[in-house]
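In: let's see this in three dimensions:
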Amino acid sequence: MIIALAGGIGAARFLDGLVRVMRPVDLFVIGNTGDDVEMHGLHVSPDLDTVVYTLAGLANPVHGWGVRGESFRCLEALRRLGAETWFQLGDRDLATHIYRTERLRAGCTLSQVTSVISSRLGVRAIVRPMSDEPVRTLVKTPGGTLDFQTYFVRRRARDRVLGVSFCGTDVAKPAAGVLQAIRKASGIVFCPSNPIISIGPILAVPGMRKALERRKCRAVAVSPIVGGRALKGPTASMMKSLGMEVSAVGIAEL
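Out: As a prediction, the model looks like this:
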């Protein structure tokens, strides 16, 4: 079993290649949920969904997030009613969030719901959240502390990052089966995701880092920084503002 620690688009595209050279059923993905957010009363898990949609062959090939051939009629209707619509949720994507929210309110765990969604969309790899308890990424900026989606989507990652923290790690624990999978792994891959806001929340879950340090197999990190630049997203600018070396060496140190 290969364990992959994954954020969103970069990880999803890497994993899409990985399952072409290994058996998908031998891949166990631990997904970041620090980006999770409630929008319009619905529980949205952007990184988990991006990985699942990509492995299911449904992802939008241009944006990397959302579903191919998506429509946004519901969002347009919400806009006419005066609702905030800065977070783009397509009509078919909304179905995922409606289903997830309904099952969570019925008492299911996020792991259980993610497993069902993955299976019904034809994903053969195992995809699990890092924790079934809520952990939320907070970004400290000169203008104050922002929840991750406000910083990343609404404000388009324009703010200088002074620090990052993870709310909820005091009570969170790794999702069911995650630690056992790490112990039995034949290999571990850190996907090319932002090490601070995508891999960082996973490592912040109590017990996760210790389990990885005690691994009996080889671990490999794929750098999202190439030639001093991020392949996608605010990784480089974020690392620079936090005083980190913007290179593969800086990634390895993290």
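
In: identify the residues contacting the nearest residue to Ser111 once chain neighbours are set aside.
Out: Nearest in space to Ser111, with sequence neighbours left out and distances taken as Cβ to Cβ, 6 or more residues apart in numbering, is Ala175 at 4.6 Å. In this view, the C-beta of every residue, glycine as well, is placed from N, C-alpha and C. Ala175 makes contact with 30, 109-111, 128-132 under the criterion Cβ atoms under 8 Å, 6 or more residues apart in numbering.

In: helices or strands next to the longest helix seen in the chain in the packing?
Out: When the chain is parsed with DSSP state H, its longest helix is helix 91-105. Packing partners of helix 91-105 (3 or more Cβ pairs under 8 Å, 6 or more residues apart in numbering; DSSP states H and E): strand 42-44, helix 73-80, helix 110-120.

In: and it, how far out from the chain middle?
Out: On the basis of Cα atoms, centre = their mean, to the nearest Å, helix 91-105 sits 17 Å off its chain's mean C-alpha point.

In: got the buried residues for that helix?
Out: 93-94, 96-97, 100-101, 103-104 (16 or more other Cβ atoms under 10 Å).

In: likewise stretch 145-153?
Out: 146, 148-153.

In: next: stretch 177-194.
Out: Those would be 178-179, 181-182, 185, 188-194, for stretch 177-194 by 16+ other Cβ under 10 Å.

In: equivalent analysis for stretch 75-86, please.
Out: 75, 85.

In: just the terminal-to-terminal distance for that stretch.
Out: 10 Å (Cα to Cα, to the nearest Å).

In: between the buried residues of stretch 177-194, which is nearest Asp16?
Out: The closest of those to Asp16 turns out to be Cys191 (Cβ to Cβ; 11.0 Å).

In: phi, psi for Asp170 please.
Out: In this entry, Asp170 is assigned phi and psi values of phi -70, psi -20 (degrees, to the nearest 10).

In: okay, it and Ala221: tell me how far apart.
Out: 27 Å (Cβ to Cβ, to the nearest Å).

In: which of the two has more residues huddled nearby?
Out: Between Asp170 and Ala221, counting by other Cβ atoms under 10 Å, Ala221 is the more crowded of the two (17 against 9).

In: which residue packs closest to that one, ignoring adjacent ones?
Out: Nearest to Ala221 is Phe190, by Cβ to Cβ, 6+ apart, at 3.9 Å.

In: phi, psi for the one you found please.
Out: Taking degrees, to the nearest 10 as the convention, Phe190 sits at phi -90, psi 110.

In: three-state assignment of Ile251?
Out: Secondary structure, DSSP: H, G, I helix; E, B strand; the rest coil: Ile251 is helix.

In: next up, the contacts around it.
Out: So Ile251 contacts 195, 221, 223-225 (Cβ under 8 Å, 6+ apart).

In: quick one, strands of this structure?
Out: For the chain, the strands defined by DSSP state E cover 2-6, 27-31, 37-39, 42-44, 126-129, 136-141, 144-147, 163-167, 187-190, 219-221, 225-226, 229-230.

In: out of these, nearest to Arg209?
Out: Across these, closest to Arg209 is strand 2-6 (Cβ to Cβ), at 10.9 Å.

In: and for the helix or strand of the chain with the lowest mean pLDDT, what's in contact with it?
Out: The weakest-scoring helix or strand in the chain, judged by mean pLDDT, DSSP states H and E, is strand 229-230 (a mean of 88). By Cβ under 8 Å, 6+ apart, the residues outside strand 229-230 that reach it are 194, 224, 236-237, 246.

In: repeat for stretch 94-113
Out: Contacts of stretch 94-113 (Cβ under 8 Å, 6+ apart): 33, 39, 41-45, 49, 74, 89, 116-117, 128-129, 131-132, 175-177.

In: 10 Å - rerun?
Out: 31, 33, 36, 38-45, 48-49, 52-53, 67, 70, 72, 74-75, 89-90, 114-117, 120-121, 127-134, 175-178 (Cβ atoms under 10 Å, 6 or more residues apart in numbering).
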